[in-house]
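Colleague: return a 3D structure for these sequence lines:
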Amino acid sequence: AWLLCLVDLGARRSEVLALRWSAVDLGAGRIRIRTTLDPVTHLEKDPKARQRRTVAIGPATVTALRRWRSATRERALAAGVPLVDDPYVFMAPSDFTGATPWRPDLGTRRFRRLADQVGLDNVRQHDLRHHVATVLLAAGVDPKTVAGRLGHTRVATTTDRYAHALPAPDRAAADVLAQLHHR
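Modeller: Sure thing, here's the model as predicted:
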């Protein structure tokens, strides 16, 4: 569920780890990114104003999150403790109530272990975010939409960083003009 959220949202690690269940709407297939987890204090903080956003998620992520939520509830029940009113989606392994999020370094270590197991030695967790942006832009998704998903304040940030993913824009422009001239 955690990896699917990283990939489906194109979100920063700190944004996924700060997710609470109140921000997840599985019926509508979307997640509101409202806060971020400070990498030093491990406390929630408000992101920059424009980084708050609602992002649609796919069916595989919805299914994984439903299973994850069920497992979380079962884990709390087995421990004999109630969940807090608004638990973290990805709670600390030692916390059965949902009051404490995963620490960022735990997420990084788990990703590193998984990547090593499947032979992705040079892939970092943050590379998933770059993958999302590159794939979306290469598929022709409007840069403004991609910027919105990533939480970039300016579309220029997205296009400057991921322009290599844009499919030969000059050739496409020439083809459009050629078709206009032959009408």
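Colleague: for the helix or strand harbouring Leu180, list the C-alpha coordinates in PDB.
Modeller: If you go by DSSP states H and E, Leu180 is part of helix 169-181. Only the C-alpha atoms of helix 169-181 are listed here, as PDB (Å, rounded to 0.1, in the frame of the first residue of the first chain):
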ATOM      1  CA  PRO A 169       7.800  19.100 -28.900                       C
ATOM      2  CA  ASP A 170       9.500  20.900 -31.800                       C
ATOM      3  CA  ARG A 171       8.700  18.000 -34.200                       C
ATOM      4  CA  ALA A 172       5.100  17.900 -32.900                       C
ATOM      5  CA  ALA A 173       4.800  21.700 -33.500                       C
ATOM      6  CA  ALA A 174       6.100  21.300 -37.100                       C
ATOM      7  CA  ASP A 175       3.600  18.500 -37.800                       C
ATOM      8  CA  VAL A 176       0.700  20.700 -36.500                       C
ATOM      9  CA  LEU A 177       1.700  23.600 -38.700                       C
ATOM     10  CA  ALA A 178       2.200  21.400 -41.700                       C
ATOM     11  CA  GLN A 179      -1.300  20.000 -41.300                       C
ATOM     12  CA  LEU A 180      -2.700  23.600 -41.000                       C
ATOM     13  CA  HIS A 181      -0.900  24.700 -44.200                       C
END
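Colleague: so Val146 touches Arg161, yeah?
Modeller: No: using CB atoms under 8 Å, Val146 makes no contact with Arg161, being 10.3 Å away. No exception for glycine: its C-beta is placed from N, CA and C like everyone else's.
Colleague: for those two, list the residues in contact with both.
Modeller: Ala133 (CB atoms under 8 Å, 6 or more residues apart in numbering).
Colleague: now the element after the helix or strand where Asp116 lies, going C-ward?
Modeller: Assigned by DSSP H and E, Asp116 falls within helix 104-117. Heading C-terminal from helix 104-117, the first helix or strand you meet, by DSSP H and E, is helix 127-138.
Colleague: list the helices and strands that next one packs on?
Modeller: Here helix 127-138 touches helix 2-9, helix 143-150, helix 155-162, going by 3 or more CB pairs under 8 Å, 6 or more residues apart in numbering; DSSP states H and E.
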